[in-house]
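A.B. asks: everything below, folded, please.
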Amino acid sequence: MSTTLMQARQRAQYTRDAVLSASPARLLTMLYDRLLLDLRRAEAAQVEQRWPAAAVDLVHAQDIITELSASLRTDVWDGAESLRGIYTYVHTALITANVRRDVERTREAIALLAPLHESWHAAADAVPAPATPSPALGGWSVG
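C.D. replies: Numbering: from 1, shown residues only. The predicted structure follows:
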């Protein structure tokens, strides 16, 4: 097995482990991190007229938006419907950005989502860390 292939498998395993062990707040911030990464990559590809690369990133961003929208709990949070409206608008903008090769629509999506990205990170940072096993404190410690 080549070193490159082994490293790729190790990275994939690390990512799987990170996702499986993440708290719900951390999962949300991870999704937003990847969403903004995809959009910035798509923007760069559009500027450079690398349309197939832009399409891959825009479609992946659409998938993340779909997941974020589907995970909203309108029965728990009054703001969920408003946020769903933003997600719906951004999803449509990303389709348009892809089909029309419109970098301005990609930039609009970034402008709408960047403040949400920052807000979700701030909210996640405010949530206390869960208790974790620690031999020093009889098996448990509070992070």
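
A.B. asks: strands along this protein, start to end?
C.D. replies: 131-134, 139-142 (DSSP state E).

A.B. asks: ok, of these, where does mean pLDDT dip lowest?
C.D. replies: Mean pLDDT across those is lowest at strand 139-142; the value there is a mean of 41.

A.B. asks: the spatially most central residue of the chain: what's its closest spatial neighbour, skipping adjacent residues?
C.D. replies: Nearest residue to the geometric centre of the chain (Cα atoms, centre = their mean): Leu31, 2.0 Å. In space, and not counting its chain neighbours, Leu31 is closest to Ile64: 5.6 Å by Cβ to Cβ, 6 or more residues apart in numbering. From N, CA and C alone the C-beta is placed, and that goes for glycine too.

A.B. asks: which stretches of this protein aren't confidently modelled?
C.D. replies: Within the chain, the segments meeting pLDDT under 70 span 8, 10-21, 129-143.

A.B. asks: please repeat the previous calculation with a cut-off of 90.
C.D. replies: 1-25, 127-143 (pLDDT under 90).

A.B. asks: now do the helices in it.
C.D. replies: 3-21, 24-47, 51-70, 80-99, 103-126 (DSSP state H).

A.B. asks: which residues touch Arg105?
C.D. replies: 93-94, 96-97 (Cβ atoms under 8 Å, 6 or more residues apart in numbering).

A.B. asks: widest-spaced pair of those residues?
C.D. replies: Between any two of the contacts of Arg105, the greatest separation by Cβ to Cβ is 7.2 Å, found for Leu94 and Thr96.

A.B. asks: and the two? which has more neighbours close in?
C.D. replies: Leu94 (26 against 17; other Cβ atoms under 10 Å).

A.B. asks: on that earlier part again, with distance to Leu39 as extra columns, can I get the contacts of Arg105 in a markdown table?
C.D. replies: Output for those, formatted as a markdown table (distance: Cβ to Cβ, whole Å):
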| residue | distance to Leu39 |
| --- | --- |
| Ala93 | 10 |
| Leu94 | 8 |
| Thr96 | 14 |
| Ala97 | 9 |
